[in-house]
Each structure stands twice: as C-alpha cells, then as structure tokens.
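>>> Build me a model from this:
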Amino acid sequence: MSPSQETSPPAGQGGSRLIKRRLENHIMEVLSDLLLREVRDPRVEDVVVTAVELNDDFSVAKVFTMGGGPNALRGLRQAAGFLRGG
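Here you go, the predicted structure:
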C-alpha cells in the first residue's frame, strides 16, 4: 500500500505508531541500500537487514540482520560509524 493510499489513523497513539512504523521501514531501506551499494567490506556483502525497532523517543534503533559469514559482525561493527552517519 503506498503512503497516499493509507488512511489516517484516529487521533492519539495510532498516529505515533504509524509514524514509528514508517520510520523503522525507512531506516531499514536506507541501511539495506548502504550495505549493498556503499559498504565495501566483503565481510558484510551477504548481510540482509531484516527489521528495525525504534525505542519510544526514536533515539535508539535496534537493527536485526541475517546472513553473512562468521566475520559479518566484525564487518558491521567496523562500518557502524559510517552507517550511523558519523
């Protein structure tokens, strides 16, 4: 369903849940694209971002991944600053 097809949620928490879900999906898409196109570390070439969970004030994102080899976590840690935009 495209954003223009979505109906507006009722006032209150429904709107914030929708915003949170959209932001989580956007972060997942951006991280996936960065891993695919920008990160040149062979340790993360097969890593797939499967989900993102934001805390209530959107200050922390928990990113779930799968795939990659035994050194994928080291590669992700190495790329963390770049992926955070820092």
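>>> Quickly find the element holding the most centrally placed residue in the chain.
The structure's the chain has its C-alpha centroid closest to residue 28; by C-alpha atoms, centre = their mean the separation is 2.6 Å. Using DSSP states H and E, residue 28 sits in helix 13-37.
>>> helices or strands up against the one helix or strand in the chain whose mean pLDDT sits lowest?
Within the chain, no helix or strand scores below helix 13-37, which has a mean of 94 by mean pLDDT, DSSP states H and E. Applying 3 or more C-beta pairs under 8 Å, 6 or more residues apart in numbering; DSSP states H and E, one finds that helix 13-37 makes contact with strand 47-54, strand 61-67, helix 72-84. Any C-beta I mention is one placed from the backbone N, CA and C, and that applies to glycine too.
>>> Direction included, what does the first one pair up with?
Right, the one you point to is strand 47-54. Take DSSP bridges as the rule and strand 47-54 pairs in its sheet with strand 61-67 (antiparallel).
>>> Return the strand it pairs with as CSV; C-alpha atoms alone will do.
Coordinates of each C-alpha in strand 61-67 appear next as CSV, following Å, rounded to 0.1, in the frame of the first residue of the first chain:
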residue,chain,number,x,y,z
ALA,A,61,17.3,1.8,16.7
LYS,A,62,17.8,-1.9,17.2
VAL,A,63,18.7,-3.4,13.8
PHE,A,64,18.2,-7.0,13.1
THR,A,65,20.3,-8.8,10.4
MET,A,66,20.8,-12.2,9.0
GLY,A,67,23.4,-13.8,6.7
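>>> just to revisit the earlier point, identify the residues contacting the nearest residue to the residue nearest to the centre of the chain once chain neighbours are set aside.
The shortest distance from residue 28 to any non-neighbouring residue, by C-beta to C-beta, 6 or more residues apart in numbering, is to residue 52 (4.6 Å). Listed by C-beta atoms under 8 Å, 6 or more residues apart in numbering, the contact set of residue 52 reads 24, 25, 27, 28, 31, 61, 62, 63, 64.
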